[in-house]
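**Student:** For reference, the sequence and a predicted model appear below.
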Amino acid sequence: MNPVIDYHALAPEIVLSVTIILCLLVDLFIPDRPRLVPQLASLGVLAAIIPVLTLAVSGTDVSMFGGAFVVDNYALAFDGLFLVVAYITLLVSFDEIADGDYYGGEYYVLLLTSVLGMVMMASSRDLVSIFIALETISIPTFVLAGWRKHDTKSNEAAIKYFLIGVLSSAVMLYGMSLIFGFANGTKLSVISEYSAGSPPALFAVAIFLTIVGFAFKVSAVPFHFWAPDTYEGAPLPVTAFLSVASKAAGFVALLTIIRFGFFNSSDSWQPLIWVLAAASMTFGNLAALRQTNIVRMLAYSSIAQGGFILVPLAVAGDVSGPSAWEAVLVYLMIYAAMNLGAFAVVMAVSRRTHSTEISSFAGLGRVDSVNAVMLSLFMFSLAGIPPLAGWFAKFVIFRAVFDAGTTAAVVLGVIAALNAVVAFFYYSNVVRRMWFDEAPEVVSSPRPASVALTLAIGITVVVVVVVGVYPEVFARLGQLAFASG
Amino acid sequence: MMAAIQITDTYYLVLSAALFSIGAVGVLVRRNVLVMFMSVELMLNAVNLTFVAFAKTLNDTSGQVIVFFTLVVAAAEVAVGLAIIVAIFRRRRGMTADDMRVLQG
């Protein structure tokens, strides 16, 4: 029997694949047009959003390859998120890649390949397809982290990320192989049925290994040690991509595998995720407090933010409605906007100052007040101050905690609330330095920020402000994504 | 005369668990990046053995199909990993994980 293939449902993946091949060919045969590949790449990403929208309008769920690949609202919501994040990442990449004396074409090919993996990830409902999607995401990012191959820092970022990446894959795969043995299948629906029975104690070990593998990918404490080094050493656009898109993909994998697979054996995964969430928030924030480099600070802050995203997952088993799942989606969307925005401003400023030390941001309010205002907005949003989008992200987390209402959930909620206070100190420290400190000596050879970088800052700041004032926009998206589930 | 030992599927699973543990210890203990990488490969092969053993027990060939996917992914990882290691070797002779300490804090 031939498998039934719905090309409309596969259109985002097909458009991306065609774009990747075209970028490679154009880069190979038309060498005197350096701007063509970036333009082609961003057009391809925008074109891939169109079928996502038409599929969302048509509203029918498609299940292919024996249920291993499903296109429903849940998948489409995350597809949309990944493609928009990819577009903004491309916008912030143009300057950086054009300035560097490295070949630019491959950068876009690798970036899009990683995005292709993310779009596949949102639809995967089988351990094998989740694994393949995760590797399609990870392997190009190993190369991207080492993009500046003559820079010792970039080399070190790549090798650390690579070793931890393959180690986590091996651990995750071992867990998956045990699950295959117990449940007699790799489809999440089969695993879900199996875990509804009374699985043996060793099944919990399999779940533990699988989730630990994902914990490396989302850099949850205590599996986070690679993240700050990799983020600092990698080129800035790649860091933005890793800390937003790649991390979000890890969370989507975790969400999918828990929601569709492990949900019934919540005794095995809830305590583990609880510990990961509490540790990530606490250690991430405490480490961020003593950072002097803003990229490293953002790295630890993203570990802490990851901890917040794990909170609704840690209580998901006790929540009757979909509010825990919605919280993950809404938090990821808001986090993507504010973190990408913060990185875009850091890039714009460091083009002038050639530094990412927090001290180089002193007095920015007087030198470059527009960027100072933008960075202040993103920092306050990350801290969760109303009326910026960050407060709504925190709000959905606490709503999920209250819906669960168990003692463990309330304790985790208290830890999250305390951490939100700690986080305010280091975010506001950057703002204080920008507006109240004296500017350092004037630096030479400033490079102006391009239109693309300004556009990226513009898009993200609009999202952060509009969603902060009208959170219904994202709340409605969250409800639609989980309506049928 | 000794009784012939019946090799059951449990033997394969114990062997793969042992291989996986040896690999994991290797990653944690060894400091040479190449050896660490080889240890990870050992872990991946332990995974393959588990899949094949279960495929035989369950009489389900999908376990063997998964091994092909794992092999392909492992090959891609080798290609990328060795490229990164070569890029580093060009800049400095010899390399251990302890040398990788420009970034810390």
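**Tutor:** Structure received.

**Student:** What residue, apart from its backbone neighbours, is nearest residue 13 spatially?
**Tutor:** Reading this off chain A. Excluding its sequence neighbours, the residue lying closest to A:Glu13 (C-beta to C-beta, 6 or more residues apart in numbering or on different chains) is A:Val119, at 5.7 Å. Heads up, the C-betas are built off the backbone N, CA and C, glycines and all.

**Student:** um, chain B though
**Tutor:** B:Ala53 (5.6 Å).

**Student:** What is the neighbour count of that neighbour?
**Tutor:** Residues contacting B:Ala53 under the criterion other C-beta atoms under 10 Å in any protein chain shown number 22.

**Student:** can you pull the contacts of the closest residue to A:Met347 other than its chain neighbours?
**Tutor:** Spatially, and ignoring its direct neighbours in sequence, A:Met347 is nearest to A:Leu236 (5.1 Å; C-beta to C-beta, 6+ apart). By C-beta atoms under 8 Å, 6 or more residues apart in numbering or on different chains, the contact list for A:Leu236 reads A:92, A:96, A:295, A:343, A:346-347, A:350, A:356.

**Student:** Report the contact partners of residue 9.
**Tutor:** You didn't pick a chain, so chain A it is. Applying C-beta under 8 Å, 6+ apart, the residues contacting A:Ala9 are A:55, A:62, A:64, A:71.

**Student:** Hmm, no, I was thinking of chain B.
**Tutor:** B:53-54, B:56-57 are the contacts of B:Asp9 under C-beta under 8 Å, 6+ apart.

**Student:** you'd agree the residue nearest to A:Glu13 is up against A:Ile14?
**Tutor:** No. Using C-beta atoms under 8 Å, A:Val119 is not in contact with A:Ile14, being 10.4 Å away.

**Student:** So between these two, which is more surrounded?
**Tutor:** A:Val119 (25 against 14).

**Student:** Show the subsequent helix or strand relative to the helix or strand where A:Glu135 lies.
**Tutor:** Element membership for A:Glu135, per DSSP states H and E: helix A:127-145. For helix A:127-145, the following helix or strand on the C-terminal side (DSSP H and E) is helix A:152-183.

**Student:** And the helices in the stretch 151-300 of chain A?
**Tutor:** A:152-183, A:188-196, A:201-217, A:226-233, A:236-241, A:247-256, A:266-289, A:294-315 (DSSP state H, counting those that start in this stretch).

**Student:** Those into CSV, with extra columns for mean pLDDT and distance to A:Ile334?
**Tutor:** As requested, the helices of the stretch 151-300 of chain A are exported to CSV (pLDDT from 0 to 100; distance: least, C-beta to C-beta, whole Å):
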stretch, mean pLDDT, distance to A:Ile334
helix A:152-183, 91, 26
helix A:188-196, 88, 27
helix A:201-217, 90, 21
helix A:226-233, 89, 20
helix A:236-241, 92, 16
helix A:247-256, 93, 11
helix A:266-289, 90, 17
helix A:294-315, 92, 10
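
**Student:** Turn the ones you listed into TSV, columns for distance to A:Phe82.
**Tutor:** Output for these, formatted as TSV (distance: least, C-beta to C-beta, whole Å):
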stretch	distance to A:Phe82
helix A:152-183	19
helix A:188-196	20
helix A:201-217	15
helix A:226-233	20
helix A:236-241	11
helix A:247-256	7
helix A:266-289	22
helix A:294-315	15
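
**Student:** okay, now the residue lying closest to A:Leu116 once chain neighbours are set aside: neighbour count?
**Tutor:** Nearest residue to A:Leu116, sequence neighbours excluded (C-beta to C-beta, 6+ apart): A:Leu16, at 4.6 Å. A:Leu16 has 25 neighbouring residues, counting by other C-beta under 10 Å.

**Student:** mind listing what A:Leu16 touches?
**Tutor:** A:44-45, A:48, A:112, A:115-116, A:119.

**Student:** next one: A:Val465
**Tutor:** A:377, A:387-389.

**Student:** Please narrow those residues to those residing in helices.
**Tutor:** Under the assignment DSSP state H, these contribute A:377, A:389 to helices.

**Student:** Narrow the contacts of A:Val465 to those that are buried.
**Tutor:** A:377, A:388-389 (16 or more other C-beta atoms under 10 Å in any protein chain shown).

**Student:** Just the buried positions in the top helix by length along chain B, please.
**Tutor:** Determined from DSSP H, the single longest helix within chain B is helix B:62-91. For helix B:62-91, the neighbour count (16+ other C-beta under 10 Å) marks B:62-63, B:66-67, B:69-70, B:73-74, B:76-77, B:80-81, B:83-85, B:87-88 as buried.

**Student:** so which of the contacts of B:Asp9 is the most crowded?
**Tutor:** Within the contacts of B:Asp9, most neighbours by other C-beta under 10 Å means B:Phe54, with 25 neighbours.

**Student:** My guess is that one contacts A:Ile179. True?
**Tutor:** No. Applying C-beta under 8 Å as the test, B:Phe54 and A:Ile179 come out as separate, 9.8 Å apart.

**Student:** tilt between the strand or helix carrying the residue nearest to B:Leu13 and helix B:62-91?
**Tutor:** Assigned by DSSP H and E, B:Ala53 belongs to helix B:33-58. Orientation of helix B:33-58 against helix B:62-91 (axes from the mean of the first three to the mean of the last three C-alpha atoms, to 10 degrees) gives an angle of 180 degrees.

**Student:** elements contacting helix B:33-58?
**Tutor:** helix A:152-183, helix B:9-29, helix B:62-91 (3 or more C-beta pairs under 8 Å, 6 or more residues apart in numbering or on different chains; DSSP states H and E).

**Student:** and the angle from the first one to helix A:201-217?
**Tutor:** With the same axes, to 10 degrees as the criterion, the two stretches helix A:152-183 and helix A:201-217 enclose an angle of 160 degrees.

**Student:** Can you list the buried residues in helix A:152-183?
**Tutor:** A:152, A:154-183.

**Student:** Chain B next: which of those residues are close?
**Tutor:** A:152, A:155-160, A:162-163, A:166-167, A:169-171, A:173-174, A:176-178, A:180-181 (C-beta under 8 Å from any C-beta of the partner chain).

**Student:** circling back: and the gap between the residue nearest to A:Leu116 and chain B?
**Tutor:** According to C-beta to the nearest C-beta, to the nearest Å, A:Leu16 stands 18 Å off from chain B.

**Student:** Read off the pLDDT value for that residue.
**Tutor:** Looking at A:Leu16, its pLDDT stands at 95.

**Student:** returning to that earlier point: what's the most distant pair in the contacts of A:Val465?
**Tutor:** A:Leu377 and A:Pro387 (10.7 Å; C-beta to C-beta).

**Student:** Enumerate the residues of the stretch 251-400 of chain A near chain B.
**Tutor:** A:291, A:296.

**Student:** cool, the stretch 51-200 of chain A as well?
**Tutor:** A:128, A:131-132, A:135, A:139, A:142-143, A:146, A:149-150, A:152-153, A:155-160, A:162-163, A:166-167, A:169-171, A:173-174, A:176-178, A:180-181, A:184-186.
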